[in-house]
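Colleague: no sequence for this one, just the structure:
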Ligand SMILES: Nc1ncnc2c1ncn2[C@@H]1O[C@H](COP(=O)(O)OP(=O)(O)OP(=O)(O)O)[C@@H](O)[C@H]1O
């Protein structure tokens, strides 16, 4: 079956304040779907609804046509892997033990790692550039190394759907590109938030643009990343041209612009 996520009239309110406001969309087929928008737009909240961390106030989410509530915990963990925005305080564990946690939905807590498991763990560590880090304490890794170890944990989980909240926020530019290219190569359905709009443009098949809890645009990067929308939603002044390599929008920002005039 084709992997899909359908969201209809999704609302999430806190103290009567709508933080997600009637968000609806349908994503189908493998691909890389980027969720973009200004700080506080509701991107993480949307992802948290998708991975069942928060319960929406109203609306419906279907994964592969089934309501989220219909999945058992184990079924859901086999379908969906999550890389959260916050780096968890797994100080006591080795990098290998953190990555091995991704195997739990397939075999439970108490079984040790056999040769096949170790092959998966080492392959995943290699894919994120952490080969040989097996025994390094997770708590002593740099922010970017922790983020890559958590991505390796998600890869080991072999999900059909991978949800990542700002997977590149701690990474230097080389690893930003490498990690997103790796996610794109994988045979999975990826939903991730990204702040770097040029990176999102280069690597996402489709973008969802959120603003103040509402979905204001959805489509290919060339359909979403227009000068007008970027100005309206982010309050920036920019020009957009086709990237010389991949042809998707390449955004040039103007500085000294206070959001009130056309150009500096
Ligand atoms: N549990 C909560 N209780 C109250 N307000 C919340 C809660 N979680 C998020 N919010 C608020 O909801 C809004 C959207 O937050 P969210 O983290 O989804 O935004 P975001 O688009 O991911 O932002 P950023 O780009 O800064 O990470 C923010 O104003 C935030 O303060």
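Modeller: Arrived safely, thanks for sending. Just so we're clear, the structure is a prediction, and the values are computed from it rather than from any experiment. Numbers count the residues shown, from 1 in each chain.
Colleague: from the contact counts, what lies against the lowest-mean-pLDDT helix or strand in the chain?
Modeller: One helix or strand of the chain scores below all others by mean pLDDT, DSSP states H and E: helix 104-107, with a mean of 81. On a contact count with 3 or more Cβ pairs under 8 Å, 6 or more residues apart in numbering; DSSP states H and E, helix 104-107 meets helix 73-79. (Each C-beta comes from the backbone N, C-alpha and C, glycine too.)
Colleague: for the nearest residue in space to residue 94 that is not next to it in sequence, what are its contacts?
Modeller: Leaving aside its sequence neighbours, residue 94 sits nearest to residue 135 (Cβ to Cβ, 6 or more residues apart in numbering; 5.2 Å). Residue 135 sits next to 94, 95, 96 when contact means Cβ atoms under 8 Å, 6 or more residues apart in numbering.
Colleague: what residues does the helix or strand where the last one lies touch?
Modeller: Using DSSP states H and E, residue 96 maps to helix 95-100. The set of residues that contact helix 95-100 without belonging to it, under Cβ under 8 Å, 6+ apart, is 90, 113, 117, 121, 124-125, 130, 133-138, 141, 149-150, 152-153, 156.
Colleague: measure residue 2 to the ligand for me?
Modeller: 28 Å (Cβ to the nearest ligand atom, to the nearest Å).
Colleague: again but with residue 125, I slipped
Modeller: 28 Å.
Colleague: what sits against that residue?
Modeller: Contacts of residue 125 by Cβ under 8 Å, 6+ apart are 95, 96, 99, 131, 132, 133, 134, 149, 152.
Colleague: near the ligand, which residues of the stretch 51-200 of the chain?
Modeller: For the stretch 51-200 of the chain, no residues are found near the ligand under the criterion Cβ under 6 Å from any ligand atom.
Colleague: residue 183 and residue 167 touch, don't they?
Modeller: Yes: counting by Cβ atoms under 8 Å, residue 183 touches residue 167, with 7.3 Å between them.
Colleague: what sits in contact with each of those two?
Modeller: With Cβ under 8 Å, 6+ apart, residue 183 and residue 167 have common neighbours 151, 192.
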